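# How does the following fold in three dimensions:
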Amino acid sequence: MQSVPFKRLSYALLLAAGVGLTATAGAQEYQAPEGELPETNITVVGGLSNLTAYRNVERPFWAESVPELTDGQVTVEIQGFNDMGLKGPEVLRLIGQGVVPFGSATMSYFASDNPINEAIDLAGLAPTIEIAKEITDAFLPVYQDFYEDNNIKVLGFSTYPAQVLFCNAEVNELDDLKGKKVRTSSRTQAEFVEALGGSSVTIPFPEVVPALQNKIVDCAITGSMSGYSAKWYEVSTHLYALPINWNQQIHAVNMDYWNDLGPEVQEFLENNLPLMYERIWEDAAAETFEGYACNTGGDDCDEEVKGKMKLVEPTEEDTEKLLKLTEEIVLPKWAARCSDQCVEDFNNTIGEVLNVTAVKE
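Here you go, the predicted structure:
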């Protein structure tokens, strides 16, 4: 069976699509319940507490909006998983066991548990945040069914800003990665870098700055605004503004805990949680471009300190190359390690959206 081409987008369209999500979605206001809710205390393990998705949206929703909307009947204790001494990859297992009631974590953490967790965020799969949102929504029912067997109710997904290349070396096109050492944070990123002739290196996020500074690595991949917040602009010279992937977050709850909440509280949360996730998606779209500006000293950056990196805008040729590498290398490698059912589910959902077929070889 032959695969068919991905949807094709020029860089100009990438910019338009990314801005479009922010401009047109328009976050709705959270909704108060129609009646009084039973007194309820909820425990939430949130995402990384040092990132804006948690600070600006997730924590304020749980800690402030929920109690306000329910007149104090529903109260929430929330901490980022890193503040609790957790690493991230154990969060879903702890939710299934009932140790963690509500939790959030990045899907790439669970790639080694089952390749199905990589399906929505393979390198090169979504060149814009609009496409990332579309394929994530398409695959949501598959994840809901899959995790239900593990006593986990999947509530939804959000995302971080575009994962892009920060380099302390001359990088003006994808071919310049050949022979370079690149810090990656997932298997699919590693396969992408290696397909270009680079070497993938695994380094914890807090150790990337000295690694770039001391030339242990030439480049590193992270969110454009995450890299700014971590001051990668101080040890990098080139920012390559081609989204490689997005690092979607899963939001879930232990099924038994959920069932014990009662229908009124469940309805209240089901009405509002999608609005919270939508705000994170919108912020991620805006922060992708804010990150570009802040790392490179652009006028669109409102931060007091600005970097002086060179912003490298990808050519149409590199956009095409990224999609081709995904289609010919990244996607087949993933399909080979995922189950037959997993690949079939991909083709019936994400494959339909992207006009691409994953084939087990």
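# the strands in the protein, which residues?
Residue ranges of the strands in the chain, as given by DSSP state E, are 40-46, 74-80, 102-106, 152-158, 163-167, 181-183, 199-201, 219-223, 238-245, 249-254, 310-312.
# Can you say which of these is nearest to Val356?
Of all the strands of the chain, strand 238-245 sits nearest to Val356, with 15.4 Å by Cβ to Cβ. (C-beta placed from N, C-alpha, C; glycine too.)
# would you turn the strands of the chain into CSV with distance to Glu207, mean pLDDT and mean neighbour count?
Supplementary listing: the strands of the chain in CSV, determined by distance: least, Cβ to Cβ, whole Å; pLDDT from 0 to 100; neighbours: other Cβ atoms under 10 Å:
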stretch, distance to Glu207, mean pLDDT, mean neighbour count
strand 40-46, 23, 97, 19
strand 74-80, 19, 97, 18
strand 102-106, 18, 95, 25
strand 152-158, 26, 98, 22
strand 163-167, 14, 97, 27
strand 181-183, 9, 98, 23
strand 199-201, 11, 97, 18
strand 219-223, 10, 96, 26
strand 238-245, 20, 95, 24
strand 249-254, 22, 98, 24
strand 310-312, 24, 96, 17
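# possible to save those as CSV with distance to Glu303?
As requested, the strands of the chain are exported to CSV (distance: least, Cβ to Cβ, whole Å):
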stretch, distance to Glu303
strand 40-46, 24
strand 74-80, 22
strand 102-106, 24
strand 152-158, 23
strand 163-167, 17
strand 181-183, 24
strand 199-201, 29
strand 219-223, 15
strand 238-245, 15
strand 249-254, 24
strand 310-312, 16
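# so which of the ones you listed gets nearest Asp345?
Between Asp345 and the strands of the chain, the tightest spacing by Cβ to Cβ is seen for strand 152-158, at 14.2 Å.
# can you list the residues that contact the closest one?
Contacts with strand 152-158, where a contact means Cβ atoms under 8 Å, 6 or more residues apart in numbering, come from 53, 92, 95-96, 102, 104, 107, 120, 136, 140, 143-144, 147-148, 248-255, 258, 269, 273-274, 277, 280-281, 284.
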